Structure formats: C-alpha cells, structure tokens
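1. fold the stuff below for me.
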Amino acid sequence: MPKPVPADEYFYHQIPEPHVNVATYHEHWRDSYFFILHPRNAPGDVIILTMAHYPSRGVMDSLQLGRIQNQPVFAHHTRPYGDDPHTPCVGPVSIDIIEPFKTIKLRVDGTSAPVGLDLTFTARTRAYGLRRGTMKAGHEIIWDQSHLFQSGNYSGTYSCEGKSYPVNNWWGQRDHSWGIRDHGRCPMWMWLAIQLPDGMFGVWHWEYANGSRVYSDGCFAPADGGDPVPVTDFHHELQWTDEDDRPVEYGKDGSGVKKLSGRVTFVLEGGKRVNIAALGSWCAPYEPFHCGGLNQMVVKTDDGRTGTGIYEITGSYHHRYFNLPRGENLPA
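-> All right, here's what the predicted structure looks like:
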C-alpha cells in the first residue's frame, strides 16, 4: 500500500495514483522552480535560485548560482523526501508562494549557505504557459515537459561574505517546469528572458545538432498586465567571442569564450517582427558539468527600446554553438 503524503488530501491528482507518483516513471523526471534576478539598467550582480524534486530518486534539491561582485557563486543543498515530498524547503532554502502567479517569497539562511536571501518576487506580467515539448532518440524519451514563465520585480536583500546588499525593484524571471529532462543528451536549447520597460520577451527553443528545429515557443508579455502575445517564429544569430570581441569556437570546454553577442528575431502572432541586438558575458557558466550556460545581456530592439536580460545557451553538440560533441546517443 503506497504511503499517502499531505498533498493527497487536496484535489491535486492527475493520475489514479498517490500524489508522489508520476505518469511516466523515469530517472530524469523532475518538477522544478527557477528564479533569476539582476539590475534593470546595466550589468551587475546576478542571483539565481532553483528548487526541484525527483520522484525516481526520492529527493528534493536546491541550487544557488550566479555572480556577486564579479565572483561566481555556487551551492547545492539536498534532502530526502521522508514523509514530505512536496514542501518547498531544502536545508537553508525555502520558497513560499504567497499568492499564485502574483507574489513569492525566497529565503536562504546565509549562516549555512554562501549567499543569504530575503527576497520577494512580485509579478509584472501574466504567467505564460508553453506548449508541451517532446524529443526522442529512437524510442527513448530525452525531453517531455511542460513549462511556464513569468517576468517580475524583485525586492529585498542578499548577503555574501559578511556583506549585505539591497535589491530595489530589480528585474527578473521565474520559471516552473515539470516532466522529463535528460540535459546531457539535448543537442542545443536556448532560453531567453529579455526585460524591457514595457514587458518581457521570452522563448524556449531546441534544435538538433545540424540546426533543424525541434521545438520553439514563447511570448511577449506586456508589463501592463495584458494578455501575452504568442511567438509564432524565432531566429537567432549569436556568436561566442573572446575578450576583444573576436569570434571564437566553443571548443572542448568553452575556455576561450568570454562574451556573447548578436541578434535574435521574434515573430509575434499577427505578424509583427522584432529584432533584438545584445551583448553580454557569463553570469553562470555550466562547465564542467554541461556546455554553455547563462549570460547577462544588455539589449536593444530595432524600434529603440533598451533593457537587460538573460540568455541561456546549452546542450551537447550544435553546428553553431558547440562544435565538439560532448554527449552520447544524441537525438538526430
């Protein structure tokens, strides 16, 4: 007899099983939160907090990533499910959804973590739910997940190495995704969170190694609370560069990469095209675990709007971004 957990008291069930079970038992099934924040107008510190639970392993974990005072930060906390597989609390980290899709509290006890947090996420756009995305290699599931994202304003404080820093209405994003994600076998995915005064451009885009599209979805979400406008097409022309802005290949481990620059194009429902030029650098590289990582960018649209954002490019093999294969049995 499966042991019930507190979530089984509520109308949360989607399959005829106790709530800790999922539709497809898979080692890479997870349900995860992702929060990222940065200053509005110029590059600066970047704070990243994640939390996820993994039914097949019976654990919950949390990552702290980012860059503070030009230094990388990283921490990993984990706890076994025990009798509580759902409360979003792992060691010093807790996430409290005060009001769904509106207000979320993030806390990290800095006495037992490298970075302490006391932050409030307040939505500045509506949440946008992406289509379910799937990718296979033969009969094997590599990716099968649902995903939502939302732009917000962050306020509060963070601390590191005995110093406390204010967060006064920083821009940022939060994601919630659930399903199967075998990161190491995805050839390339791109996730962009572009913050402008009038709203947010977001996209989630995957490709095979040769550049053929697997999946693309996103939106422009206005900051006035209006309905998000779906993205119907997306194109990218980005380039890794060295410190002197000369193009470089990613190579074996990305050690020659210092910056990211180039242009992306969003085509919105109704036909409007928006070209966005960007320049930035690493705020959370994924080496040595995975290729690529997160980059903090300064952006400008072709109609003159300026802002900041985060560009994630990662994967295992891609003709433009990762010229040397790092994964095995990749989908093609």
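
2. which other residues reach stretch 234-249?
-> 190, 203, 205, 216, 218, 250, 254, 256-267, 278, 311, 313, 320-321, 323 (CB atoms under 8 Å, 6 or more residues apart in numbering). To be clear about C-beta, it is placed using only N, CA and C from the backbone, and glycine gets the same treatment.

3. filter these down to the ones in strands?
-> Counting by DSSP state E, the part of the contacts of stretch 234-249 found in strands is 190, 203, 205, 216, 218, 259-267, 278, 311, 313.

4. what about the chain, any weak spots by pLDDT?
-> Applying pLDDT under 70 to the chain flags the ranges 1.

5. let's see 90
-> Low-confidence segments of the chain (pLDDT under 90): 1-25, 83, 138, 327-332.

6. pretty sure P331 contacts M135?
-> Yes: applying CB atoms under 8 Å, one finds P331 in contact with M135, separated by 5.7 Å.

7. more neighbours: the two, which one.
-> Neighbours were counted for P331 and for M135 using other CB atoms under 10 Å; M135 has more, 22 against 19.

8. beta partners of that one?
-> Beta-bridge pairing for M135 (DSSP bridges): W143.

9. ok, it to V59 distance?
-> 25 Å (CB to CB, to the nearest Å).

10. before we move on, what about H13?
-> Where V59 is concerned, H13 sits at a distance of 22 Å (CB to CB).

11. so the two - more neighbours on which side?
-> Shown here are H13 and V59; by other CB under 10 Å, V59 has more neighbours (16 against 12).

12. contacting residues for the closest residue to H28 other than its chain neighbours?
-> Of all residues not flanking H28 in the chain, D182 sits nearest, at 4.5 Å (CB to CB, 6 or more residues apart in numbering). Contacts for D182 were tallied using CB under 8 Å, 6+ apart; they are H28, I141, I142, W143.

13. and the third one, how many neighbours?
-> I142 has 24 neighbours, counted by other CB under 10 Å.

14. just the first one next, same as before
-> By other CB under 10 Å, 19 other residues sit near H28.

15. pretty sure it is touching I180, no?
-> Yes: H28 lies in contact with I180 (CB under 8 Å); the separation is 5.1 Å.

16. who does the closest residue to T122 other than its chain neighbours bridge with?
-> In space, and not counting its chain neighbours, T122 is closest to N153: 5.0 Å by CB to CB, 6+ apart. Beta-bridge partners for N153, by DSSP bridges, are T122, W171.

17. same check on the one 5 residues further on?
-> With beta bridges defined as DSSP bridges, Y158 has these partners: L117, Y165.

18. can you offset everything so residue one is 622?
-> With 622 as the first residue, the last one maps to Y779.

19. dump the residue contacts of it.
-> D666, I668, I689, V736, G737, L738, D739, L740, S785, Y786, V788.

20. what about the nearest residue to E949 once chain neighbours are set aside, how many neighbours?
-> Using CB to CB, 6+ apart and skipping the chain neighbours, the partner closest in space to E949 is R806 (7.6 Å). Close neighbours of R806, defined as other CB under 10 Å, add up to 20.

21. check Y942 too.
-> Around Y942 there are 25 residues (other CB under 10 Å).

22. what's the separation between it and H826?
-> Per CB to CB, Y942 is found 12 Å from H826.

23. okay but T922 is in contact with N896, surely?
-> Yes: counting by CB under 8 Å, N896 is a contact partner of T922 at 7.0 Å.

24. if we go by neighbour counts, what in stretch 818-832 is buried?
-> The neighbour-count check on stretch 818-832 (16 or more other CB atoms under 10 Å) flags G820, M821, F822, G823, V824, W825, H826, W827, E828, Y829, A830 as buried.

25. hang on, the earlier thing: ChimeraX command to pick out the buried ones of the contacts of stretch 855-870?
-> A single ChimeraX command is used to select the members of those judged buried by 16+ other CB under 10 Å:
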select :811,824,826,837,839,871,875,878,879,880,881,882,883,884,885,887,899,932,934,941,942
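
26. from the chain's centre, how far out does stretch 891-904 sit?
-> Computed by CA atoms, centre = their mean, to the nearest Å, the chain-centroid distance of stretch 891-904 equals 17 Å.

27. actually stretch 910-927, not the one I wrote
-> Chain-centre distance of stretch 910-927: 13 Å, with CA atoms, centre = their mean.

28. how about that stretch: buried residues?
-> H911, C912, G913, G914, L915, N916, Q917, M918, V920, K921, T922.

29. now tabulate the contacts of D803 in a markdown table and tack on distance to K723.
-> Output for the contacts of D803, formatted as a markdown table (distance: CB to CB, whole Å):
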| residue | distance to K723 |
| --- | --- |
| H649 | 31 |
| I762 | 34 |
| I763 | 34 |
| W764 | 30 |
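
30. of those residues, closest to T927?
-> The nearest member of the contacts of D803 to T927, counting by CB to CB, is W764 at 33.8 Å.

31. ok, now which ones touch that closest one?
-> W764 neighbours (CB under 8 Å, 6+ apart): G754, T755, M756, G800, I801, R802, D803, C807, W827.
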